[in-house]
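**Student:** The following comprises the amino acid sequence and a computationally predicted model.
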Amino acid sequence: SRYCQDCTEEKPLYVFDKHFAKSAPALADDYSVPDYFADDLFNLLPPEARPDFRWIILGPHRSGSSFHIDPNCTSAWNAVIKGRKKWILYPPGLAPPGVVPSSDMAEVTTSASLGEWYLNFYPATKSGKVRPLECVCEAGEMMFVPRGWWHAVWNLEPSIAITQNFVTERSAR
């Protein structure tokens, strides 16, 4: 709490806890996967074979995730419990300005911080041929990120969210 209130770092910590369901089972029991996202081929795997798929995410103002595409042909949902998150998304095949993926998409080069990206590249999104989808998710709202979409998230205030990746039959093709 104090870190979130007093943080002045250019690139604040953004904590992803993939073990929250084990360390805080009551918290994991307090939510269920929304019906829209219940179709998940990962459920066919034994638990030990399933890749990491859900996290509780905590971070102060200005923390967040730089541009990336979720792995393993997954889509994702992100439910904001507390705070506000700004999302920027680009469709598959169109890297955001200032983001340079390797030819095999295994590596991505981008700004050192989201703040730097906003200062140096965000203005170009207003006049680009293809403009990104942008929104702000408030506490109690949920974001869906389709498979293959570039996305970045910037916390506009201290935030807590639950996120989960999943694979549908359609997205596995």
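**Tutor:** Arrived safely, thanks for sending.

**Student:** Extract the residue ranges of this protein that are flagged as low pLDDT.
**Tutor:** 1 (pLDDT under 70).

**Student:** hey, where'd the strands end up in it?
**Tutor:** Under the criterion DSSP state E, strands of the chain are mapped to 15-17, 54-59, 64-68, 75-82, 84-90, 100-101, 108-109, 133-138, 142-145, 150-155, 159-166.

**Student:** helices or strands up against the last one?
**Tutor:** In this structure, strand 159-166 packs against strand 54-59, strand 75-82, strand 84-90, with contacts taken as 3 or more Cβ pairs under 8 Å, 6 or more residues apart in numbering; DSSP states H and E. To be clear about C-beta, it is placed using only N, CA and C from the backbone, and glycine gets the same treatment.

**Student:** Strand partners (parallel or antiparallel) of the longest one?
**Tutor:** Looking at strand 75-82 with DSSP bridges, its partner strands are strand 142-145 (antiparallel), strand 159-166 (antiparallel).

**Student:** Serialize those strands to TSV and add fields for distance to Ile57 and mean neighbour count.
**Tutor:** Converted to TSV, the strands paired with strand 75-82 look like this (distance: least, Cβ to Cβ, whole Å; neighbours: other Cβ atoms under 10 Å):
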stretch	distance to Ile57	mean neighbour count
strand 142-145	12	16
strand 159-166	5	21
